[in-house]
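>>> Dropping a prediction and its sequence here:
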Amino acid sequence: MEWSAVEKAISQATGENFQIERKTPVGGGCINSAFRLTGKGKSYFVKINTAHMRHMFDAEYAGLLELQHAQAIRVPMPIAVGESKDQAWLVLENMGLGHSGDGRMAGEQLALLHRHQAQHFGWSIDNTIGSTQQINHQQHEWVKFWCEHRLGFQLQLAARNGFTGRLQQQGGKLLERVHLLMDHNPVPSLLHGDLWGGNIGYQKDRTPVIYDPAIYYGDREADIAMTELFGGFGADFYAAYNAVWPLDSGYAVRKTLYNLYQILNHANMFGGGYAGQAEGMIDRLLVEIA
């Protein structure tokens, strides 16, 4: 890693000369390498990947700015993004986050984030969900957007990855009937896009912070569904969210539809039993709309 290029980028972005005195590896991620850089009382968090993944960091930088602009919930400030030789990097504000904090505040602030809306579903640029491309071509119709750029796209990737047969047959049936599950007329809300328990932390004063986004404008239920997929959000979180903006009837069924996108993506990234889990989810949804 050419650390001098990172030092230069930080210095230019902040207007203060920065030199690395210590590099501390940070674990927990499965896609990027990460380090905490310190020097002269300053501290930054840096993600590193190969140069061909620069587009992923550019999109994350832009996504964090979009979330900041909403002024609803705290996110790390993006400092700089760049590449040198064969590696790309993203520099963020280092926030020293913990795992416990004010879940009620997190629920309230997420509801306020979802109140930040656009005219179209999608976003101005494509980004990534994990390491998978996420297509955000803007559309007026939510059902069409979800079928083409979320479920349909993931099913196409699954076929290329060898997940054919019943997954594709049943998935095709579901795509034809998704509209039967969409009876609540969602608006294009600003979404984090990948809001599982590992992508929220808390500052020392218990203030919530969300990070590692895969943003787009879509049905807010997709974010809430993701919070339920792997756990990590308590009852206070959901009570506070619903106090600000109650979920529509039918969410209990639609959350399976929205989490299917995430499970298909896990199948495409990691294989294993995720394809079978996706099949089971599709079967449950088809029963609901039989």
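All right, it came through fine. Residues are numbered from 1 along each chain as shown.
>>> Next, the buried residues of stretch 283-290.
For stretch 283-290, burial by neighbour count (16 or more other Cβ atoms under 10 Å) applies to Leu285. All C-beta atoms are positioned from the backbone trio N, CA, C, and that covers glycine.
>>> Make 7 the starting number, not 1.
That works, and once the first residue is 7, the last one we named lands at stretch 289-296.
>>> Not counting its own residues, what contacts it?
For stretch 289-296, the surrounding residues in contact (Cβ atoms under 8 Å, 6 or more residues apart in numbering) are 176, 179-180, 183, 186-187, 259, 262-263, 266.
>>> Kindly write the ChimeraX command that selects the buried subset of those residues.
Applying 16+ other Cβ under 10 Å to the contacts of stretch 289-296, the buried members can be selected in ChimeraX as follows:
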select :176,180,187,262,263,266
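>>> The contacts of stretch 289-296 in strands, which ones?
Counting by DSSP state E, these place none of their members in strands.
>>> Out of the contacts of stretch 289-296, the closest to Thr134 would be?
Proximity of these to Thr134 was ranked by Cβ to Cβ; the top entry is Leu266 with 18.6 Å.
>>> what's the distance between the spatially closest residue to Arg156 that is not a sequence neighbour and Ala228?
Counting by Cβ to Cβ, 6 or more residues apart in numbering, Arg156 lies nearest to Tyr267, which is 4.7 Å off, once chain neighbours are set aside. Distance, Tyr267 to Ala228, by Cβ to Cβ, to the nearest Å: 8 Å.
>>> With Gln174 instead?
23 Å.
>>> Looking at the two, which has the bigger crowd around it?
Per other Cβ atoms under 10 Å, whichever of Gln174 and Ala228 has more neighbours is Ala228, with 24 against 14.
>>> Val97 - that's part of a strand, no?
Yes - counting by DSSP: H, G, I helix; E, B strand; the rest coil, Val97 is found in a strand.
>>> hang on, it packs against Val87?
Yes - under the criterion of Cβ atoms under 8 Å, Val97 makes contact with Val87 at 7.2 Å.
>>> Name the residue in those two with the higher neighbour count.
Remark: of Val97 and Val87, Val97 carries more neighbours, 25 against 21, as counted by other Cβ under 10 Å.
>>> Return the residues in contact with the more buried one.
12, 15-16, 19, 50-52, 84-87.
>>> For stretch 177-187, C-alpha coordinates in PDB please.
C-alpha atoms of stretch 177-187 as PDB (Å, rounded to 0.1, in the frame of the first residue of the first chain):
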ATOM      1  CA  GLY A 177     -38.500 -17.100  -9.000                       C
ATOM      2  CA  GLY A 178     -40.000 -16.500 -12.400                       C
ATOM      3  CA  LYS A 179     -43.500 -17.200 -11.100                       C
ATOM      4  CA  LEU A 180     -42.900 -14.800  -8.200                       C
ATOM      5  CA  LEU A 181     -41.700 -12.000 -10.600                       C
ATOM      6  CA  GLU A 182     -45.000 -12.300 -12.500                       C
ATOM      7  CA  ARG A 183     -47.100 -11.900  -9.300                       C
ATOM      8  CA  VAL A 184     -45.100  -9.400  -7.200                       C
ATOM      9  CA  HIS A 185     -47.700  -6.700  -8.000                       C
ATOM     10  CA  LEU A 186     -50.200  -8.700  -5.900                       C
ATOM     11  CA  LEU A 187     -48.100  -8.100  -2.800                       C
END
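>>> Thanks again, I'm all set now.
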